[in-house]
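[1] Give me coordinates for this.
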Amino acid sequence: MPEHPENAPLMPAPDTLASKHRHPILAQPPDRLLDLELKAREHIAAGVTAVLESVEFNWGEAGVVRGTRGLQKLNQFDGYDCSSCAWPDPDAHRSIAEFCESGAKATASDADVRACGPEVFARYSLAELSQLPDRDLNNLGRLTHPMVKRPGGTHYEPIEWREAFEIIADQLNGLASPDEAVFYTSGKVPNEPAFLFQLFVRQYGTNNLPDCSNMCHESSTAALTDTLGLGKASIILSDFDHSEVIIVIGQNPGTNSPRMLTALQKAKQNGARIISINPLPEAGLDHFRQPQDFKNPLKAIPTLLSAGTPISDVFLQVKLGGDLAVLRGLMKHLFEAESYNPGEVLDRPFIDEFTSGFAAFEESIRNTSWEDIEESSGLNRYQLLEAANLLAPKQKIITCWAMGVTQQKQGTEVIQEIVNLHLLKGAIGKRGAGTCPVRGHSNVQGDRTMGIWEKMKDEFLDALQKEFDFEPPRAHGLDVVKSLRAMVEGKTKVFFSLGGNLLSAAPDTELIADGMRKQLATIFVATKLNRGHLTTGETSLLLPTLAHVDIDMQKSGHQMTSCESTTGVIGQNKGVLAPISDQMLSEVAIISAVAIATLGDRLKGDWVAMTENYDLIREHISHVVPGFEDFNEKLRRPGGFYLPNGPRDRKFKTADQKAHFSVTKLEKTPLAPGQLILTSLRAHDQFNTTVYENNDRYRGVFGERRVLFMHHDDARERGLQVRDLVDITSHYGGQTRTAEKFLVVPYDIPKGNVGAYFPEMNVLVPLSSVVPVSNTPTSKHIVVTVAKAQAAPVASAPAPVAELA
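    You can find the predicted model right below:
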């Protein structure tokens, strides 16, 4: 694998305690405690509660008529793509309600009829707005007008679009080098604007194109590209129907991708067995009630009265950072089983024909001691044997994973071991088998396909050069972590964010805020206000854009865009609701206007024509990106089309055209007395950094987000009880960072491990703590200590603008 800049100098630790008092604009969510209510955790995901929650939230945000219209076309053949996760839609029949609770809430939030316009920003300063909890910022409504914060200003104020584009052009053209600008992309951005964005940035002269994938599935991309030749899933949705064993590792599908539960339920009904590997028991890994059943009178009552479909046959409650040891233990058992049943456990013909590196891999597994496996995983060999016995006689195996794998200290190596398991069993390139990194945002995978990457291959850049007659820069640009380092060090001057909330998504919140404040200009293209828009450079622009659900009308008519699912399906995205303001512009229109204003006569391509008719963008894409030939025609087919996928056909685009076994190192994290390992968690009522409500229904937490999940014994050893107020301090490279005012919640989590919600806990994650190779922040593996806080827990007064939310 390529060398990773892990030896980069340790970044300074910000004074996390003083920062919120030194800066009037809060970078962290306010630490005012709300009103914690605890209930027993739930064991059944979805069901009638999910239906009611979805309807109530949708109608409350968008109104009955508008909200219902939005849901009717969500994920439909002639509708628009969900702006939430990237789980694939069925190829053939689609239900009238082809969405989940998470998708319904994301759509409702996008369809919000409340306006966050000039009157809000005139009344409240950025400092006052920063006192709002993240939920209340989101609930202010849709951004409706372009706004500017001028140097020395305390408020955003209205600005005409033309002047906004002139400011951007002046800032960019005034830099000593294009590399002094950073262009960040959210995974919510569809293919067409993503392609235009990277085209503008490269014509401007830099490859500084960090994106949210750098912080989530970069570990997957790195490991899968090196081992299988493609950094994407090697399955399609229907493979779940034919799978014999499904492994879900480091993922909470009940909250993060609830429609996946339908695929797991159908697989179970077809006889599949499911192995779940996770530090916390989650409702979605326990039982599932199919919400679709409530539409059928014959199924509604039995579904309501039942406990739902049991999901996990084996649940392995692994310690944080122990997944690599679990996988090694499973494969060690498989080697032992093969010795008793030669030719019946391992797929030797597949290994001999399609793979390389087997001998060294086998040696590494056989030389791993059970003592090391048990110590690292927190599981004994007999627990692992139960799971291995499910795998031993089967070859149709699917493994799914998400952030619980990619953001741990050995994230890239864990995925290499997942691939090792599949190669060992020949469980790839056949129906019902393969690897499945579950992407967390609607088009995060498509953005990468469109060229949003700081180190695109020469083949892509050559095609771009041929199509647009310019020389793209070839030197690799900055990923997220490198961009943030450069911002903090004062090496960049302009930060341009196409969607997203980098301040709250990234690690080391206070350090990143310092970097943002050093910029000459920050530019945010967004649908709703978030905390990242409040910590700004000298000049800041807030530009309102359309969401997936919005009708995008241009000169040639109603436009559609496209998104790529987890399984590489390109489907259409055509909004159905009228925008609530005529001042909103599409992402394509904003990018084109910025490109024209900035580059003028130097700009290659007819950007006005592309803005007026997105078919022209797709025509260019069809000439540049493999698999997109006849893009316009294929996109208009019901369900869209699949991109080529070599591993599905056992074609591995590696140097030797083989799939590669990997040899990894089982590392241990030495802990001093009293130290624990912290992981970030996502609550059920949030999507990425967007918080819909301050609840986490499945885990039994309501009305509060500043909680710390602890093993009962860990709490008892520290003299802590439920609801005790604690401070959390992280320890890395001799540095400390502290987050104040978290309430203890004793929970079923492995001893020695604790969990807290992001973005509240992000302040504890050092920017320098990254996964080797992928350079992804290690938000799932932070060494911390926990101490009782000095202050007593008290309910806080409402924020000054709470009445608006």
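
[2] what does the average pLDDT come to for stretch 759-769?
    Average pLDDT, stretch 759-769: 97.

[3] And that stretch, how far out from the chain middle?
    Its chain's average C-alpha position is 16 Å from that of stretch 759-769, according to C-alpha atoms, centre = their mean, to the nearest Å.

[4] Between its first and last residues, how far does that stretch reach?
    17 Å (C-alpha to C-alpha, to the nearest Å).

[5] before we move on, what about stretch 753-764?
    Criterion C-alpha to C-alpha; first-to-last residue distance in stretch 753-764 is 15 Å.

[6] Going by neighbour count, list what's buried in it.
    753-764 (16 or more other C-beta atoms under 10 Å). (Each C-beta comes from the backbone N, C-alpha and C, glycine too.)

[7] Which neighbouring elements make contact with the longest helix along the chain?
    In the chain, taking DSSP state H as the definition, the longest helix is helix 323-340. Using 3 or more C-beta pairs under 8 Å, 6 or more residues apart in numbering; DSSP states H and E, the elements in contact with helix 323-340 are helix 358-366, helix 370-377, helix 381-391, helix 411-425.

[8] where does the protein dip in pLDDT?
    1-7, 47-48, 291-306, 791-805 (pLDDT under 70).

[9] Please repeat the previous calculation with a cut-off of 80.
    Residue ranges of the chain with pLDDT under 80: 1-8, 20, 46-58, 60, 62, 96-99, 289-307, 790-805.

[10] Have a look at it and report its longest strand.
    Counting residues, the longest strand found in the chain (DSSP state E) is strand 735-746.

[11] Sheet partners, orientation included, of the helix or strand that it is followed by?
    Using DSSP states H and E, the helix or strand that follows strand 735-746 in sequence is strand 753-757. The pairing partners recorded for strand 753-757 under DSSP bridges are strand 676-681 (parallel), strand 707-710 (antiparallel).

[12] Dump the last one to CSV, restricted to CA.
    Only the C-alpha atoms of strand 707-710 are listed here, as CSV (Å, rounded to 0.1, in the frame of the first residue of the first chain):
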residue,chain,number,x,y,z
VAL,A,707,-24.4,11.7,27.7
LEU,A,708,-21.6,9.2,28.2
PHE,A,709,-22.4,5.5,27.9
MET,A,710,-20.3,3.5,30.4
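
[13] Can you give the contact residues for that strand?
    Strand 707-710 is contacted from outside by 36, 280, 681, 699, 701, 720, 726, 728, 742-747, 749, 754-757, 786, using C-beta atoms under 8 Å, 6 or more residues apart in numbering.

[14] what's the neighbour count on residue 123?
    Look at residue 123: counted by other C-beta atoms under 10 Å, it has 13 neighbours.

[15] quick one: it and residue 140, what's the gap?
    Using C-beta to C-beta, to the nearest Å, residue 123 is found at 11 Å from residue 140.

[16] Spatially nearest residue to residue 561 (excluding sequence neighbours)?
    residue 190 (3.6 Å; C-beta to C-beta, 6 or more residues apart in numbering).

[17] same check, this time on residue 556
    residue 613 (4.0 Å).

[18] Next, the one you found: phi, psi?
    phi -150, psi 110 (degrees, to the nearest 10).

[19] now the angle from the longest helix of the chain to helix 370-377?
    Inter-element angle recorded for helix 323-340 and helix 370-377: 150 degrees (by axes from the mean of the first three to the mean of the last three C-alpha atoms, to 10 degrees).

[20] wait, the residue nearest to residue 561 sits on residue 443?
    Yes: judged on C-beta atoms under 8 Å, residue 190 makes contact with residue 443 at a distance of 5.5 Å.

[21] joint contacts of these two?
    Jointly contacting residue 190 and residue 443 under the rule C-beta under 8 Å, 6+ apart are 81, 563.

[22] Tell me which of these two has more neighbours.
    residue 443 (31 against 27).

[23] I figured that one hits residue 564, correct?
    Yes: applying C-beta under 8 Å as the test, residue 443 and residue 564 come out as touching, 6.0 Å apart.

[24] which neighbours do those two share?
    What both residue 443 and residue 564 touch, as defined by C-beta under 8 Å, 6+ apart, is the set 86, 191.

[25] Can you give the strand pairings for the longest strand of the chain, parallel or anti for each?
    Strand 735-746 is paired, per DSSP bridges, with strand 707-710 (parallel), strand 725-732 (antiparallel).

[26] Contacts made by the last one with the rest, please.
    The contact list for strand 725-732 (C-beta under 8 Å, 6+ apart) reads 33, 672, 675, 678, 708, 720, 736-744, 754, 756, 761, 764-766, 768-769, 782-789, 791-793.

[27] Apart from its chain neighbours, what residue comes closest to residue 506?
    residue 512 (5.1 Å).

[28] And the helices in the stretch 51-200 of the chain, which stretches?
    64-72, 101-110, 118-123, 126-130, 134-138, 161-173, 191-204 (DSSP state H, counting those that start in this stretch).

[29] what's near enough to touch the residue nearest the centre of the chain?
    By C-alpha atoms, centre = their mean, the chain has its centre lying nearest to residue 440, at 4.0 Å. Contact partners of residue 440, counting by C-beta under 8 Å, 6+ apart, are 85-86, 187, 216-217, 256-257, 402-403, 688.

[30] and it, how far is that from residue 505?
    11 Å.

[31] Name the residues contacting each of these two.
    Applying C-beta under 8 Å, 6+ apart, one finds that residue 440 and residue 505 are jointly contacted by residue 688.

[32] And for residue 374, the neighbour number?
    Neighbour count for residue 374, taken as other C-beta under 10 Å: 18.

[33] Correct me if wrong: it contacts residue 381.
    Yes: Residue 374 is within contact range of residue 381, at 6.5 Å (criterion: C-beta under 8 Å).

[34] ok so, going back, select, out of the helices and strands packed on helix 323-340, the one closest to residue 168.
    Minimum separation from residue 168 across those (C-beta to C-beta) falls at helix 411-425, 35.9 Å.

[35] Now the element after that closest one, going C-ward?
    Next along the chain after helix 411-425, taking DSSP H and E as the criterion, comes strand 434-437.

[36] Give me the contact list for that following strand.
    Strand 434-437 is contacted by residues 217, 220, 224, 228, 232-235, 239, 398-402, 406, 415, 418-419, 422, 427-428, 566-567, 647-648 when judged by C-beta under 8 Å, 6+ apart.

[37] Let's see that with 7 Å instead.
    217, 220, 224, 233-235, 239, 398-401, 418-419, 422, 428, 566, 648 (C-beta atoms under 7 Å, 6 or more residues apart in numbering).
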